[in-house]
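**Student:** Structure for the following, please:
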Amino acid sequence: MKSVLSVLTGIALLWVLGFAVFVWRLPAPTTENPKLADGVVVFTGGGGARISAAMSVFSDGAGERLLISGVHPDTSLARLSELWRGEADRFSCCVDLGHEALSTEGNANELAAWATSNKFSSIILVTSDYHMPRAIIATRAKMKNAIITPHPVASGYLDAKGRPASIKATGNLAGEYSKFLLAYAAALFA
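**Tutor:** Next up is the predicted model:
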């Protein structure tokens, strides 16, 4: 019994240490325009900040097309056009909605199919800062040779010093870290 408790304590300590490293290494949000790529993709979730950031990057000319992945089935291009601040022609010709994804892996599948159909090999990936590590793992698993440029968006989960902003934020980050570990393990054994 004592050895089982020791093993469980060791696993818990490793998880806590890994969590601290995970939070410390999260990418800082950026508002700077990334270098050019074939396409821009945003993995939806966490409110409209991700979509607004992706639209801003795209309207500034960062890619040929924009994929908004994981859009609710009831959401239309017309509704999303209300958030658009760029030239109307660029939105109407070059923004695609992906309605199939229900998870980060689903987003990566949707992105891979979209990139293949458009013959894109370089992508600007827009998602929240805390979600970026898992999003990149999932995307690289589907697009091994693609150039992926992360464009992290502030989630509000981290304070100015890069620490969890609240107890609730800590819980959300801990949940994301656990999902990240699962995605990492799946990528290793794929």
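
**Student:** mind showing which ranges of the chain have poor pLDDT?
**Tutor:** The chain contains residues with pLDDT under 70 at 46.

**Student:** Let me see the ranges of the helices in it.
**Tutor:** Read by DSSP state H, the chain holds these helices, from start to end of the chain: 2-24, 49-59, 77-80, 88-94, 104-118, 132-142, 167-188.

**Student:** can you pull the buried residues of the fourth one?
**Tutor:** To tie it back to what came earlier, the one meant is helix 88-94. 90-91 (16 or more other C-beta atoms under 10 Å). Where C-beta positions appear, they are placed from N, C-alpha and C, glycine not excepted.

**Student:** What helices and strands are in contact with it?
**Tutor:** Secondary-structure packing of helix 88-94 (3 or more C-beta pairs under 8 Å, 6 or more residues apart in numbering; DSSP states H and E): helix 49-59.

**Student:** what comes into contact with the helix it packs on?
**Tutor:** Contacts with helix 49-59, where a contact means C-beta atoms under 8 Å, 6 or more residues apart in numbering, come from 33-34, 40-44, 63, 66, 68, 80, 83-87, 90-91, 94-95, 124, 126-128, 151, 153-155.

**Student:** what about the nearest residue in space to Lys142 that is not next to it in sequence, neighbour count?
**Tutor:** Nearest residue to Lys142 in three dimensions, chain neighbours excluded: Ala112, at 3.9 Å (C-beta to C-beta, 6 or more residues apart in numbering). Ala112 is flanked by 18 other residues according to other C-beta atoms under 10 Å.

**Student:** Go ahead and confirm Ala112 touches Lys144.
**Tutor:** No: taking contacts as C-beta atoms under 8 Å, Ala112 lies outside contact range of Lys144: 10.0 Å.

**Student:** sorry, back to before: dump the helices of the chain into JSON lines; add distance to Asp159 as well.
**Tutor:** As requested, the helices of the chain are exported to JSON lines (distance: least, C-beta to C-beta, whole Å):
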{"stretch": "helix 2-24", "distance to Asp159": "11"}
{"stretch": "helix 49-59", "distance to Asp159": "17"}
{"stretch": "helix 77-80", "distance to Asp159": "31"}
{"stretch": "helix 88-94", "distance to Asp159": "35"}
{"stretch": "helix 104-118", "distance to Asp159": "25"}
{"stretch": "helix 132-142", "distance to Asp159": "18"}
{"stretch": "helix 167-188", "distance to Asp159": "9"}
